[in-house]
Every structure is written in structure tokens, then in C-alpha cells.
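Trainee: Next input, structure requested:
(one chain, ligands or ions: 1)
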Amino acid sequence: MSSIYYADPAEAETFAASLLVNGGGLPKDQAQLMAKCLVQADLRGVDTHGLARLQQYMARVKDGLVNATPNLKVMEKTPVAAHLDGDNGFGFIVATKAMEDAIRRAETYGIGIVTVNHSNHFGMAATYVQQALKKDMISLVFTNSAKQMPPFGGKETLLGISPFAAGAPSDSEVPFILDMAPSVVAKGKIRKAARRGESIPLGWAYDKDGKPTTDAEAALSGSMAPIGGPKGSGIAILMDIMSGVLGDAEFGGQVGDQYKEARPQNVGHSFIAIKPGVFMDAANFRKRMDTLVQRVHGVTPAEGFDRVLFPGEPEWNLEMKRRREGVPFTDAEKEMFTELSEAFGVKPLRLSTDPLSLEHQQ
Ligand SMILES: NC(=O)c1ccc[n+]([C@@H]2O[C@H](COP(=O)([O-])OP(=O)(O)OC[C@H]3O[C@@H](n4cnc5c(N)ncnc54)[C@H](O)[C@@H]3O)[C@@H](O)[C@H]2O)c1
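Mentor: Predicted coordinates for the structure are as follows:
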């Protein structure tokens, strides 16, 4: 039976940052920023996009497929619009810079949009929504990604499982954070079923002939199903328009696959920040958001539900818990951390078999 090991989030950040400096050649400040983004995903329960991906990112940068020291150039188009060339840097660093620029424009003009090309996988899309929330901004985040899904009615993959994210600040209630991939489930769930020899529910994926399947292995050599048929497929196409087409990055099935291809990904993104204070007093907006949250919470739970939650609330609650107890990792991740720390001369990450008591970090 597999065990669970808990790490202090601050120590996990230091560990990841040291690896990215020693083994990846990233400048210290950029390594710290990327490490923070990864641990943030782990804290919110998006474990598929946290430290579990370190080995893959390290391999890409060591092989020269990602630029450890990108020169990030912002080109202003109008006072509210700019384009950022990511110079093949890690998506986390490129995206944070782009959202920062969109927020700065929105502070002055009420709205800011920044398109991006020559970027890479940027992890959990909510990271950049959270960045905007810290500045009291509404935000919209778009990215594209390597092909894994056919357009509705098609057999071959062409679209990415590209997450759309949006956020809005509240006052004393939870903020709105919608962060959703346009596929029915994440591919990780199918990999897990295949590993365990289990079948998957009909509707999650297609086999290589484009037929719906319950066979996890057949799904792995096939493709993912979009949510709501043409609707999820349409959202995935919108992600490609706002990222690849508008941002002058790759699109339409041409984004590099970081797991399969030894070439830069040229992922595109775009970031929109909107200042609610332009439309009404900012405090009034946040209070009105609180009312919306309370009204959603006030709906009677349907059978099988304890409570009605606001988008982003499950992850918010988990983050509170993990900030107290530490971030849980599996045996496989523990092994990977040991390998990486030995390979790059980094102090091992301290892991405890019991939950921690980190109340002071809340
Ligand atoms: N960078 C990439 O290329 C890439 C690709 C795919 C996924 N991802 C990331 O993977 C993560 C997982 O995506 P997903 O689509 O599987 O997310 P998900 O299905 O777990 O959640 C989708 C949304 O539904 C909300 N939600 C879930 N349960 C809820 C409930 N009971 N009540 C109210 N709201 C609820 C969540 O807060 C979230 O906003 C995201 O962070 C995404 O950004 C990244």
C-alpha cells in the first residue's frame, strides 16, 4: 500500500527553487517564482500540476528545449493592449510577467490585455487569476496546449485540453475562481484507471477510431472527449483563437508536445485584467460579490450534496487544510525528489509520515 508524506509548503518551495537553480540554471528569483507557482497548485489540490512535474520540467530545460534565462520583451500595441514574446522561457515566468503587465494597464485604464507567444506549459491556470485577485482585479486567462482532443465529430486529435480560467474578488466570502479544462476529465484519471486495470465510464474518452470507449488502455491510444460535445470543442477552439491565433504562437494542432517532441512548444496565452472600480466603487463591487456567494450558498442542496459551493471553493478549502497539515506526496513523488536532490546536490525535502501542525501559516 502506498504511503502519504507531508511537506511544509515553504520548504517545498525552497527545495524546488534550489533544483531549478542548480539543475536548471534558472536565476534565483525566477526559480523562486516558478517554485511558488508549483507549490500553489499542490496546495489547491491540483496535484497533477505541482511538484510532480519537476522532473519533466528539469529534463526540458537541461536538454535546451526551454530557455532558462529568457529575455522577456513587452511590445505595447495601445495603452490597454500589449504583446509579450516569451523567448521560450518557462510558462510560469512568462505568464506571471504578462498578467503583471495586464494588471498595470488595468490599474490606469480599467482594462488591460496581453497576448503571449514563444511560451511553454504554464501549469494551473488559476495561478494567474490568483495573481489578479491580489490586486482586486477581475481576470480572464487563456492558453492553448498540445493536441489531445478531436474537434466535435472528428476522429483525429487537433485541439488541446486547454484550461480556461476566470476570477473575481469578493470581500469576506470566497473569491470566484473558475479554472476548467474543456475535456470531461483530466488525462491523469485515465492513466490511473489503466494502471489499475480498471474500466472508465462511457463518455470520458474515445478509442483510436473515434468511438466512445470504456477501455482505459484504448482511451490512452485514442483521444479525450470534450465536455458537452460541440460546446467543449468550441471552448477549446476559442482557447486556440485567444492564445495561438491572436498571440502569433502555434495553433490548430501544432503546439509542441512537451512529453513527446524535442522542440520548443511555442504555446500562446492571453491575459485580460478588468478593474471593477471603473464601473462602481470597488468596495461596493466586492460586497455585491459577497451577496452573490451568499445567494449561491443559500440554495438548498440537492440529494447527494451537503452544501452548494462557489466555483473555486473546493480548492480554497483544501488550500486552508494543506497550509495547516502540509502538502501530501506519494511514494513515487518521494522517490523522484530523492533522485533529483542527489543528482543536483540539493538538500533533500523534509517529509513527514504524519500531517504537520502549521497553524501559524494560515
Ligand atoms: N496548462 C495546461 O495546459 C493545463 C491543461 C489541462 C488542465 N490544466 C489544469 O488542471 C487543473 C484541473 O482542471 P479540471 O478541468 O480537471 O478542473 P476541475 O474539473 O477539478 O474543476 C473545474 C472547476 O469546477 C469547480 N468546481 C469543482 N467542484 C465544484 C463544486 N462542487 N462546486 C462548485 N464548483 C466546483 C472548480 O473550483 C473549478 O473551478 C486546472 O487547474 C487546469 O488549469 C492545465
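Trainee: Spatially central residue in the chain, please.
Mentor: residue 124 (1.1 Å; C-alpha atoms, centre = their mean).
Trainee: so that one touches residue 177, yeah?
Mentor: No: Residue 124 lies out of contact with residue 177 (C-beta atoms under 8 Å); the separation is 10.3 Å. C-beta coordinates here come from the backbone N, C-alpha and C atoms, glycine included.
Trainee: Which residues of the stretch 51-200 of the chain lie near the ligand?
Mentor: Contact residues, the stretch 51-200 of the chain versus the ligand (C-beta under 6 Å from any ligand atom): 121-126, 143, 145, 161-163, 177-181, 186.
Trainee: Where does residue 321 fall, secondary structure wise?
Mentor: helix 313-325 (DSSP states H and E).
Trainee: Of the residues of the stretch 51-200 of the chain next to the ligand, grab the buried ones for ChimeraX.
Mentor: In ChimeraX syntax, the buried subset of these is picked out as below (16 or more other C-beta atoms under 10 Å):
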select :121,122,123,124,125,126,143,145,161,162,163,177,178,179,181,186
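Trainee: out of the residues of the stretch 51-200 of the chain next to the ligand, which are inside helices?
Mentor: residue 126 (DSSP state H).
Trainee: Which of the residues of the stretch 51-200 of the chain next to the ligand fall in strands?
Mentor: With strands defined by DSSP state E, the entries of these inside them are 143, 177, 178, 179, 180.
Trainee: what about the nearest residue to residue 251 once chain neighbours are set aside, distance to the ligand?
Mentor: Nearest residue to residue 251, sequence neighbours excluded (C-beta to C-beta, 6 or more residues apart in numbering): residue 244, at 2.6 Å. Separation of residue 244 from the ligand (C-beta to the nearest ligand atom, to the nearest Å): 12 Å.
Trainee: part of a helix, is residue 139?
Mentor: No: checked against DSSP: H, G, I helix; E, B strand; the rest coil, residue 139 lies outside a helix; its state is strand.
Trainee: Show me what from the stretch 251-362 of the chain comes close to the ligand.
Mentor: Checking the stretch 251-362 of the chain against the ligand by C-beta under 6 Å from any ligand atom, the hits are 309, 311, 312, 313, 314, 315.
Trainee: cutoff 8 Å now
Mentor: Proximity of the stretch 251-362 of the chain to the ligand (C-beta under 8 Å from any ligand atom) is limited to residues 267, 305, 308, 309, 310, 311, 312, 313, 314, 315.
Trainee: contacting residues for the third one?
Mentor: I take that to be residue 308. Taking C-beta atoms under 8 Å, 6 or more residues apart in numbering as the contact definition, residue 308 lies against 296, 297, 298, 299, 300, 301.
Trainee: what do you get if the cut-off is 6 Å, keeping everything else the same?
Mentor: Counting by C-beta atoms under 6 Å, 6 or more residues apart in numbering, residue 308 makes contact with 296, 299, 301.
Trainee: Same question for the last one.
Mentor: The contact partners of residue 315, taken as C-beta under 6 Å, 6+ apart, are 44, 45.
Trainee: what pLDDT does it get?
Mentor: We have a pLDDT of 98 for residue 315.
Trainee: Repeat that for the second one.
Mentor: According to the model's per-residue confidence, residue 305 sits at a pLDDT of 98.
Trainee: what about it, which SS state?
Mentor: The three-state label given to residue 305 by three-state DSSP is coil.
Trainee: And the closest residue to the ligand within the stretch 251-362 of the chain, which helix or strand is it part of?
Mentor: At 3.7 Å from the ligand, residue 309 is the closest residue in the stretch 251-362 of the chain, using C-beta to the nearest ligand atom. Under the assignment given by DSSP H and E, residue 309 is not contained in any helix or strand.
Trainee: show me where the stretch 51-200 of the chain has helices.
Mentor: Remark: helices assigned in the stretch 51-200 of the chain by DSSP state H, counting those that start in this stretch are 54-62, 91-109, 126-133, 187-195.
Trainee: just checking, what packs against the shortest one?
Mentor: Put plainly, it is helix 126-133. Using 3 or more C-beta pairs under 6 Å, 6 or more residues apart in numbering; DSSP states H and E, the elements in contact with helix 126-133 are helix 91-109, strand 138-143, strand 164-168, strand 176-180.
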